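1. What follows is a predicted structure for the sequence shown.
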Amino acid sequence: MEAIRLANALGAELRGVDITGDLSGSEIEAIRKVWNEHHLIVFRGVTMTPPQHIAFSKRFGALDDHASTPHERLDGYPQLLEVTNKPKNGQPSQSRNTGRNWHSDYSYTGRPAAASMLYCTEKPPVGGDTMFCNMARAYDELSDKMKGVVDDFQSVYDINLVSGVSKRDPEKMAVLRELNPPIAHPCVRTHPESGVKALYVSERTSHFDGMNRAESAPIIDYLCRHATRAENVYRHQWRVGDLVCWDNRSTMHIALGDFDPAQPRHMLRTTLQGEPSGHVVPPADL
């Protein structure tokens, strides 16, 4: 197996390993080691079925059944989330505009995603890239004084700040709000495997617990701009057959809408469950 760095900030492409085969425990651990080091790994030219996608993902941990976003699951495979602009059951896809702001997956739930593994099956001729930033590096590069400030913060995540909410079916959105009330998580998290500290704040953070939105806004804005500087970002140009795996505990990402929406885009995502975290914020505190 060979690891090729993709950017200075994060990312490595892994070659010389067939992830659809029966990998040994040592091969899985070698992949995990590269993943922890680079925060994001890419496998190219993969041809895999939904069961193979699920089987490979399970080697790294328990999979989410996506009950927090039930309308976006692949029929017959609750462990697979569809990210697509293709109509579903005659209706516009609920995920057609998802991911258009900087975020970590399932941060608005009580069990934020540990990692995500996204497989490209169809893509437009141009555009539709995804950008990723290194949140561990972003934390490391803060001043000691600022680290002391954010170490004490709790980021409140609100599903209403998910991109494309206004274009979703109102009844389905009401279900999502009921399933996912605003929740506060530590603004700085320690990775359970690598031990590195990383910022956990995004454009889906409404405010910091114990502070109002006006007080929180300039700090959230600063931290997001600091984390997403060009030198801290890797931009992935998708190809059909790409499997991109990122660690939500040490990265953020954004799906760019720089493509013709009339052209099909279809991807499937498994989500590795993270540890239970956070506390629900009462409506009065918003």
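-> Sure, I can see it.
2. In a strand, residue 156, correct?
-> Yes - with DSSP: H, G, I helix; E, B strand; the rest coil as the criterion, residue 156 is assigned to a strand.
3. What strand or helix carries the closest residue to it other than its chain neighbours?
-> In space, not counting the residues next to it along the chain, residue 156 is nearest to residue 184; the distance is 4.7 Å by Cβ to Cβ, 6 or more residues apart in numbering. Quick note: C-beta positions are derived from backbone N, CA and C, even for glycine. If you go by DSSP states H and E, residue 184 is part of strand 183-186.
4. How far off centre is the helix or strand following that strand?
-> In the C-terminal direction, the helix or strand that comes right after strand 183-186 (DSSP H and E) is strand 188-190. Taking the mean C-alpha point of strand 188-190 and that of its whole chain, the gap between them comes to 16 Å (Cα atoms, centre = their mean, to the nearest Å).
5. now do stretch 199-208
-> Between the mean C-alpha position of stretch 199-208 and that of its chain there is a distance of 14 Å (Cα atoms, centre = their mean).
6. follow-up on the earlier one: how about residues contacting the strand holding residue 184?
-> Residues outside strand 183-186 that contact it (Cβ atoms under 8 Å, 6 or more residues apart in numbering): 107-110, 112, 153-157, 200, 209, 277-281.
7. Could you do stretch 228-238 as well?
-> Stretch 228-238 is contacted from outside by 6-11, 40, 42, 102, 120, 123, 128-134, 137-138, 242, 244, 252, 254, using Cβ under 8 Å, 6+ apart.
8. Ok, stretch 271-286 next?
-> Contacts made with stretch 271-286 from outside it, assessed by Cβ under 8 Å, 6+ apart, are listed as 57, 60-64, 66, 79, 81, 105-106, 110-117, 154, 156, 158, 181-186, 192, 206-207, 209, 248-249.
9. follow-up on the earlier one: note down every partner strand of the strand holding residue 184 and its orientation.
-> Note on strand 183-186: by DSSP bridges, its sheet partners are strand 154-157 (antiparallel), strand 279-280 (antiparallel).
10. coming back round to it: may I see the ChimeraX selection of the buried members of the contacts of stretch 228-238?
-> When burial is assessed using 16 or more other Cβ atoms under 10 Å, the buried subset of the contacts of stretch 228-238 is captured in ChimeraX by this command:
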select :6,7,9,10,11,40,42,102,120,123,128,130,131,132,133,134,137,138,242,244,252,254
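11. in the stretch 51-200 of the chain, which spans are strands?
-> Listed in chain order, the strands found in the stretch 51-200 of the chain under DSSP state E, counting those that start in this stretch are 73-74, 77-84, 113-122, 130-134, 154-157, 183-186, 188-190, 197-199.
12. Turn these into a markdown table, columns for mean pLDDT.
-> Compiled in a markdown table, the strands of the stretch 51-200 of the chain are given as follows (pLDDT from 0 to 100):
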| stretch | mean pLDDT |
| --- | --- |
| strand 73-74 | 94 |
| strand 77-84 | 97 |
| strand 113-122 | 98 |
| strand 130-134 | 98 |
| strand 154-157 | 97 |
| strand 183-186 | 97 |
| strand 188-190 | 97 |
| strand 197-199 | 98 |
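13. will you turn those into TSV that also has distance to residue 20?
-> Listed next are the strands of the stretch 51-200 of the chain as TSV, based on distance: least, Cβ to Cβ, whole Å:
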stretch	distance to residue 20
strand 73-74	18
strand 77-84	15
strand 113-122	11
strand 130-134	23
strand 154-157	35
strand 183-186	35
strand 188-190	32
strand 197-199	31
